[in-house]
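Enquirer: Give me a 3D structure for the following:
(4 chains)
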2 protein chains.
Amino acid sequence: MPAPSGAAERAYEHTKTRILSGEIPGGRLLSEGEVAAELGISRTPVHEAFLRLDAEHLLAVSSRRGAAVVPMAPDEARDVLEMREAIELSTARRALAHGAPPVETLDAMRASLQDQREAAAAGDVEAFVEADGRFHTVLVVASRNQTAQQFHGLLRDRQQRLRRQLLHVGPQQVASSLGDHEAMLAAAEQGDVEEFCRLVGEHVRRHRGIL
Amino acid sequence: MPAPSGAAERAYEHTKTRILSGEIPGGRLLSEGEVAAELGISRTPVHEAFLRLDAEHLLAVSSRRGAAVVPMAPDEARDVLEMREAIELSTARRALAHGAPPVETLDAMRASLQDQREAAAAGDVEAFVEADGRFHTVLVVASRNQTAQQFHGLLRDRQQRLRRQLLHVGPQQVASSLGDHEAMLAAAEQGDVEEFCRLVGEHVRRHRGIL
DNA sequence: GCGCGCCACCTTGCATGCAACCTAGAGTGC
DNA sequence: GCACTCTAGGTTGCATGCAAGGTGGCGCGC
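Expert: Numbers count the residues shown, from 1 in each chain, chains lettered A, B, ... in the order given. All right, here's what the predicted structure looks like:
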């Protein structure tokens, strides 16, 4: 996101960042005027931003009552993980349908994996989570299914929020994920679809166990 | 859709219906003022409706150039079908995880199937398509995965549009689908997850063959 | 005839104003 | 003390107005 030129875009990014980071707790009421005053813009673009966030199920706007940050149900983590698994399996099957993917794809996975190793070595959990997300996105993008990319992006946002508030990513999770990812990359390099899908399933199951 | 009380909601439903039905061809330029004048409301709620439609990838709004109805790429049908398969497989696995689903779920499937039989007998393709969509939604709802329901709803909208413009649903497709659905219901009644998933795969593959 | 620049029109983005509506709280009757 | 009403504040929904930006077409120079 280079430059949020429009006021509506600024309001959207501003509010979304604050919700995803957990700076605004779930259940908290936001008002359009409040955000508008913070950013020095009018209520109109803030209204649009709130509607977008409502469509992403991050905010629940009630007519003439205000907008509440959607609190996270314990089931939500399970739902989001399940959808991510479904989408990543489906896109992986397509991306690996004709054997190993092109070098650019593998290089992107390798680069992300290298970042993960460095972040893990440095104990930088934030950087690891970021690289982790990128790793899982590579094959989704490589599948060239734009709908899948759209859905996967929405899921990543919500999972980021879950991770901050429900899960506590510790060193052992980092190490475990890193190992899973290395195995997944190896399977992708050999174009072994079934093995890759099996690993995705295990990976998700492990995440789910943390709940 | 009981009563579109708000002006923004009216503008949304109005425009969406016209896009999905194919009344407005792909590539056609729409302007907010045009729709606002048609409905006798101001541009503000129309603007909001356009943004929602843009988020659903039905409309592409360009700043100060107008909004174009997104033309349908031939790949889009494949993408949408693939995502539907992924979501329906995932939700079916959960809904059937503990054997046969509750009676309400099976009854909903049976009711939709009965509507399909009647529509097929009467040669009413529109009614069949409607009941078809309901059938596929039953297990998604039964999975109680709200994210899946949200995604599946978006996919149904886009598939409806594809069906009107790319596919031509004829009597043989109706008969074929009806047969598939009956087999799927039987598998659901017996709680046979693997058989159900296999049938979903075949069903989707058959649809895909029409392209 | 052909290419180029300018201008008028059309479009959206945002600010502002007003009215409807919901909610919380004080005040009143019992 | 308790329930009820009514009012005052706050919030959104929508209309309107204005300005910035893009597009197409006309006219001019060649």
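Enquirer: Isn't A:His152 up against A:Leu139?
Expert: No. Taking contacts as C-beta atoms under 8 Å, A:His152 lies outside contact range of A:Leu139: 10.0 Å. Using the backbone N, CA and C atoms, a C-beta is placed for each residue, glycine as well.
Enquirer: Just the mean pLDDT for the longest helix seen in chain A, thanks.
Expert: Longest helix in chain A by number of residues (criterion: DSSP state H): helix A:74-95. Rounded to a whole number, the mean pLDDT of helix A:74-95 is 95.
Enquirer: quick one: it near chain B?
Expert: Yes. Counting by C-beta under 8 Å from any C-beta of the partner chain, chain B is contacted by helix A:74-95 at A:75-76, A:79-80, A:82-83, A:85-87, A:89-90, A:94.
Enquirer: nearest to DNA strand C, of these?
Expert: Comparing these against DNA strand C with C-beta to the nearest atom of the strand places A:Glu76 closest, at 24.2 Å.
Enquirer: just to revisit the earlier point, buried ones only from the residues of helix A:74-95 next to chain B, please, as a ChimeraX command.
Expert: Here is the ChimeraX command that selects the buried residues among the residues of helix A:74-95 next to chain B (16 or more other C-beta atoms under 10 Å in any protein chain shown):
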select /A:76,79,80,82,83,85,86,87,89,90,94
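Enquirer: Which pair in the residues of helix A:74-95 next to chain B has the greatest spatial separation?
Expert: Using C-beta to C-beta, the two most remote members of the residues of helix A:74-95 next to chain B are A:Asp75 and A:Arg94, lying 29.0 Å apart.
Enquirer: contacting residues around the most centrally placed residue in chain A?
Expert: With distances taken as C-alpha atoms, centre = their mean, A:Arg156 lies nearest the centre of chain A, 1.5 Å away. Each residue near A:Arg156 by C-beta atoms under 8 Å, 6 or more residues apart in numbering or on different chains is listed here: A:133, A:137.
Enquirer: Next, it: phi, psi?
Expert: A:Arg156 adopts backbone torsions of phi -60, psi -40, taken as degrees, to the nearest 10.
Enquirer: any idea how far chain B is from it?
Expert: 12 Å (C-beta to the nearest C-beta, to the nearest Å).
Enquirer: and if you look at A:Arg117?
Expert: Distance from A:Arg117 to chain B, by C-beta to the nearest C-beta: 30 Å.
Enquirer: If we ignore the residues flanking it in sequence, what's nearest that residue?
Expert: A:Leu178 (6.8 Å; C-beta to C-beta, 6 or more residues apart in numbering or on different chains).
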